[in-house]
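Participant: Requesting a structural model of the entry that follows:
(one chain, ligands or ions: 1)
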Amino acid sequence: MTESNDLTSRTALVTGASRGIGEASARALDAAGARVILTGRTVADLERVAGDLGNDPVIITADLAQSGAGTALAEQVVAQVGGVDILVNNAGIPMRRTPEQLTEADVDLVFAINVRSLLMLSVGLGPSMIERGGGSIVNISSIAGLSGPLGRVAYAGTKGAVDAMTRALAADWGPKGIRVNSICPGIITTAIWEESRQTVPGLIEDLAQKVPLKRWGDSDDIADVVLFFASDASRYVTGETIAVDGGMTRLSV
Ligand SMILES: NC(=O)c1ccc[n+]([C@@H]2O[C@H](COP(=O)([O-])OP(=O)(O)OC[C@H]3O[C@@H](n4cnc5c(N)ncnc54)[C@H](OP(=O)(O)O)[C@@H]3O)[C@@H](O)[C@H]2O)c1
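Facilitator: Have a look, this model is predicted:
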């Protein structure tokens with residue numbers, strides 16, 4: 001760790017911190033010295049992660065599918081810990097549906113979690129970052145928003161929206177000292193793939209062949225980039241979107 005990625009005395013909120021990429025991000029931020037607030041719906045999972053963290057972690061449960069949940073979570077965070085320096089908007093759900101299968105309820109659900117709550121939590125916590133002299137928002141997007149994935153039109157739409165909001169919020173809040181960036185994971189081994197693993201035979205093997213680095217990613221591959229954007233190591237980077245995908249989006253194999 002260098003001085004620029006030391007997060008001692010910073011407070012970070014990680015959504016979806018109970019497993020997968022959010023869990024790895026929470027662990028990385030804690031290891032770098034930050035106090036981490038973990039959110040998700042499942043207390044037992046959050047407690048398992050928090051139990052390993054060393055900087056007085058806090059658990060706040062929230063169901064980000066609910067109307068008003070992003071704003072309510074921001075208010076609770078400010079009331080309980082005074083605000084944050086770092087926000088990792090990681091919680092998200094997949095939505096593998098062909099255009100013919102898709103229902104309005106599917107669209108409402110995936111946009112509620114992946115887009116609406118992400119934005120309302122960000123705008124709810126921004127003022128506390130400004131009061132502290134600035135901060136960093138790291139949005140976990142997806143390569144699905146960069147390309148045209150088959151059978152995932154609604155999910156791709158949410159992630160394209162995340163990248164667009166990343167740029168717009170970075171423009172609004174750059175002058176106030178808040179940087180906003182997004183990370184587009186490729187295929188990362190987490191529970192999010194469970195449904196696809198069961199419904200699309202051979203998917204896992206097929207996808208690995210499409211990655212120039214010839215392997216699936218793991219959550220730590222993403223958490224290291226979260227740490228970069230969260231810390232002063234990226235102090236002159238804002239409004240950016242980076243694919244962390246083993247070269248899958250840009251390169252031909
Ligand atoms: N894994 C990949 O290959 C991949 C690729 C591209 C992008 N991503 C993105 O990376 C992010 C994390 O994905 P992951 O693979 O780590 O998924 P995951 O293992 O399924 O974890 C999702 C997290 O989000 C939380 N969450 C889900 N629904 C929620 C809700 N309604 N309210 C609050 N929290 C909720 C879950 O906790 P609870 O269930 O306890 O609420 C869990 O902590 C997502 O935004 C996803 O779109 C992942």
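Participant: ok, now which ones touch the closest residue to residue 214 other than its chain neighbours?
Facilitator: Spatial nearest neighbour of residue 214, excluding adjacent residues (CB to CB, 6 or more residues apart in numbering): residue 208 at 6.8 Å. C-beta coordinates here come from the backbone N, C-alpha and C atoms, glycine included. With contacts taken as CB atoms under 8 Å, 6 or more residues apart in numbering, residue 208 has the following neighbours: 187, 214, 215, 216.
Participant: Stretch 241-253 spans what distance, first to last residue?
Facilitator: Using CA to CA, to the nearest Å, one end of stretch 241-253 lies 23 Å from the other.
Participant: Mind checking the pLDDT average for that stretch?
Facilitator: For stretch 241-253, mean pLDDT rounds to 95.
Participant: and what of stretch 121-138?
Facilitator: Taken as a whole, stretch 121-138 has a mean pLDDT of 98.
Participant: try stretch 160-175
Facilitator: For stretch 160-175, the mean per-residue pLDDT is 98.
Participant: likewise stretch 88-101?
Facilitator: 97.
Participant: ok, now stretch 179-187?
Facilitator: The predicted confidence, averaged over stretch 179-187, sits at 98.
Participant: mind saving the C-alpha coords of that stretch as CSV?
Facilitator: Once non-C-alpha atoms are left out, stretch 179-187 reads as follows in CSV (Å, rounded to 0.1, in the frame of the first residue of the first chain):
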residue,chain,number,x,y,z
ARG,A,179,-15.2,12.2,-8.3
VAL,A,180,-17.5,9.7,-9.9
ASN,A,181,-16.3,6.7,-11.9
SER,A,182,-17.7,3.3,-13.0
ILE,A,183,-16.3,-0.1,-13.3
CYS,A,184,-17.7,-2.6,-15.9
PRO,A,185,-16.9,-6.1,-14.7
GLY,A,186,-16.7,-8.9,-17.3
ILE,A,187,-17.5,-12.4,-16.2
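Participant: Report whether stretch 158-178 contacts the ligand.
Facilitator: No - interface with the ligand: stretch 158-178 contributes nothing (CB under 6 Å from any ligand atom), its closest point being 6.9 Å away.
Participant: contacts for that stretch?
Facilitator: Applying CB under 8 Å, 6+ apart, the external contacts of stretch 158-178 come out as 89, 92, 95, 110-111, 114-115, 118-119, 122-123, 126, 129-130, 133-137, 139-142, 144-146, 179-182, 184, 238-241.
Participant: Give the buried residues for that stretch.
Facilitator: Neighbour-count burial for stretch 158-178, counted by 16 or more other CB atoms under 10 Å, picks out 158-163, 165-167, 169-170, 173, 178.
Participant: mind listing what the most centrally placed residue in the chain touches?
Facilitator: Among the residues of the chain, the smallest C-alpha distance to the mean C-alpha position (CA atoms, centre = their mean) belongs to residue 90, namely 2.2 Å. In this structure, residue 90 makes contact with 14, 15, 16, 17, 21, 22, 25, 140, judged by CB under 8 Å, 6+ apart.
Participant: Could you give the backbone dihedrals for the closest residue to residue 142 other than its chain neighbours?
Facilitator: Of all residues not flanking residue 142 in the chain, residue 159 sits nearest, at 4.1 Å (CB to CB, 6+ apart). Residue 159 adopts backbone torsions of phi -80, psi -30, taken as degrees, to the nearest 10.
Participant: next one: residue 240
Facilitator: When quoted as degrees, to the nearest 10, the phi and psi of residue 240 stand at phi -100, psi 150.
Participant: Could you measure from the residue nearest to it when sequence neighbours are not counted over to residue 231?
Facilitator: Distances taken as CB to CB, 6+ apart place residue 181 nearest to residue 240, at 4.8 Å, with adjacent residues excluded. In this structure, residue 181 lies at 12 Å from residue 231, with CB to CB, to the nearest Å as the measure.
Participant: if we can go back for a sec, among the contacts of residue 208, list the two that are farthest apart in space.
Facilitator: Greatest spatial distance among the contacts of residue 208 (CB to CB): 187 and 214, at 11.8 Å.
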